[in-house]
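Participant: I would like the atomic coordinates for the input below:
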Amino acid sequence: MGPEQPTTPDYDKPVAYDVNGRPLYARPTSAKGSTEQATQIVHMTRPTDPQKPVVSDATKLKHDRSKSIYPNLNLSEGEYVISAVRRHPIGLFLPLAIGVFMITLAFILLFNYDFVIQSLQLSGDLINPLFVIIPAILFIILAILGTCVAYFVYISNKFFLTNESVIQEIQVSIFSKHEQTVSLADIEDASFTQVGIIQQIFDYGSIRLSTEGDETTYRFSYVASPKEHIATLNNAVEAFKNGRPVEVN
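Facilitator: Sure, this is the predicted structure:
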């Protein structure tokens, strides 16, 4: 005869009966059931008045210095500016050149009024000096104002790196401005580009930031020394994400 095979106990059959004749079963308690019975629910309470983060004296000094230099920036307690990225002056060359050319052309017309009259063979009311002087003066005023507005809009676009975030001030026109703030923890990639020999010679280009989650891309053009600024930014992002203090180079 072969060896006896182990039999599986039938837990559906009663093993005994109580005094009232009701069956009693010998079912073992499952591990899942014991785990569920042992599970406890813990309710955490949130303090109504959370404590403020402790800011060291050195950090507070940097924060106060940044607030005095950049009073328009909305810096949190303990936040300070590491670097301020400004645009390269080469971006002003074209608008300033156009403005100077138009103003110069208007002055040439004023100083050579008689020559213009003779060349165009004007007569009658057209030879009145006011017919040329007044429009030329108005044209010069408008050209100066347009050049000043172009200069103001260009230099008002700024990019700041702090120990907590990146702040970009975008000046679209003289009456249109908005600000973007991105936490260093949300920055996924930071890079720069330099296209063409002109950008290589004068050392300017564009920097690009992409964020996690919403995949938003931020760009800032005409940046002087973009490689240096991107290196500083990447070091700050790495230090912030790893819990290390973000230091000024």
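
Participant: Give the bridge partners for the nearest residue to residue 186 once chain neighbours are set aside, please.
Facilitator: Nearest non-adjacent residue to residue 186, counting by Cβ to Cβ, 6 or more residues apart in numbering: residue 211, 4.6 Å away. For glycine as for every other residue, the C-beta is placed from the backbone atoms N, C-alpha and C. Here residue 211 sits in beta bridges with residue 187, going by DSSP bridges.

Participant: got the contact list for residue 211?
Facilitator: Each residue near residue 211 by Cβ atoms under 8 Å, 6 or more residues apart in numbering is listed here: 182, 186-188, 217-218.

Participant: so residue 205 sits in a strand?
Facilitator: Yes - when DSSP: H, G, I helix; E, B strand; the rest coil is applied, residue 205 is found to be in a strand.

Participant: Do a quick rundown of the helices in the chain.
Facilitator: In the chain, the helices defined using DSSP state H lie at 31-38, 57-69, 93-111, 113-120, 130-156, 196-202, 226-241.

Participant: deepest of these, which one?
Facilitator: Comparing the helices of the chain on average neighbours per residue, with mean count of other Cβ atoms under 10 Å, the densest one is helix 226-241 at a mean of 17.

Participant: what's it in contact with?
Facilitator: 82-83, 85, 161, 163-164, 166, 184-185, 187, 190-194, 204-207, 209, 223, 245-247, 249.

Participant: which ones are touching residue 136?
Facilitator: Counted by Cβ under 8 Å, 6+ apart, residue 136 has contacts 106, 109-110.

Participant: likewise residue 134?
Facilitator: Contacts of residue 134 (Cβ under 8 Å, 6+ apart): none.

Participant: quick one: it from residue 140, how far?
Facilitator: For residue 134, the distance to residue 140 (Cβ to Cβ, to the nearest Å) stands at 11 Å.

Participant: Show me how to select, in ChimeraX, the buried members of the contacts of helix 226-241.
Facilitator: Selection of buried members from those for ChimeraX, criterion 16 or more other Cβ atoms under 10 Å:
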select :82,83,85,161,163,164,166,184,187,190,192,194,204,205,206,207,209,223,246
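
Participant: Alright, calling it a day.
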